[in-house]
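J.: pasted the sequence and its predicted model underneath.
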Amino acid sequence: MDRPHPGTAQEGLDVFLGHWTGTTHIEATPLRPARSAAAELTFTKAAAGYAVLQSYRHTETDGISVERHGMFTMDADHPDTVWYHVDSLGQPREAPTRCTLHGGVLTVERHSGRDTSRHTFRVDDGVLTHTSEIRLADASAFALFLTSVCRRT
């Protein structure tokens with residue numbers, strides 16, 4: 001690559017690097033009650049720091065598990081971090097999503113025709129907290145969907 005790169009994805013995300021385990025609390029929905037699950041997150045440097053790979057998995061007590069995998073990287077034409085994402089829920093794949101990183105809080109908002117989801121990641125005192133909120137297409141506000149609280153292992 002001959003053109004200069006504005007930085008690496010790792011520069012802003014290095015606080016997240018590592019393997020994390022803990023618990024995810026999933027809020028009640030019309031279809032299921034509130035519940036907790038064992039959670040595991042991993043953030044790994046890739047491509048000489050130009051990307052950070054992210055893996056998330058939670059396993060509920062009834063054996064249901066959900067996996068999400070992402071890649072954070074820098075936009076070579078803008079000083080932004082972007083997130084490519086795929087999950088085990090079978091949702092249609094999306095274009096990369098622009099992220100914000102302010103005060104150590106990484107925020108990702110993904111938009112689809114039916115909803116908007118907002119993920120936030122932060123590390124405070126050695127604890128990684130990941131929250132996911134959702135706003136349905138006809139709703140005016142976000143509703144908390146899940147919260148994961150993990151420690152580096």
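T.: Sure thing, it's come through. Residues are numbered from 1 along each chain as shown.
J.: what about Thr147, distance to Thr21?
T.: 15 Å (CB to CB, to the nearest Å). To be clear about C-beta, it is placed using only N, CA and C from the backbone, and glycine gets the same treatment.
J.: cool, Glu60 as well?
T.: Between Glu60 and Thr21 the computed distance is 15 Å (CB to CB).
J.: ok, Thr129 next?
T.: Distance from Thr129 to Thr21, counting by CB to CB: 14 Å.
J.: model confidence for the most centrally placed residue in the chain, exactly?
T.: Nearest to the geometric centre of the chain sits His119, at 5.5 Å (CA atoms, centre = their mean). pLDDT for His119: 93.
J.: could you pull out the strands for this protein?
T.: Remark: strands assigned in the chain by DSSP state E are 18-26, 35-46, 51-60, 65-74, 81-87, 97-102, 105-111, 115-124, 127-136, 143-152.
J.: so for Gly12, which of these sits nearest?
T.: strand 97-102 (4.7 Å; CB to CB).
J.: packing partners of that closest one?
T.: Using 3 or more CB pairs under 8 Å, 6 or more residues apart in numbering; DSSP states H and E as the contact test, the elements touching strand 97-102 are strand 81-87, strand 105-111.
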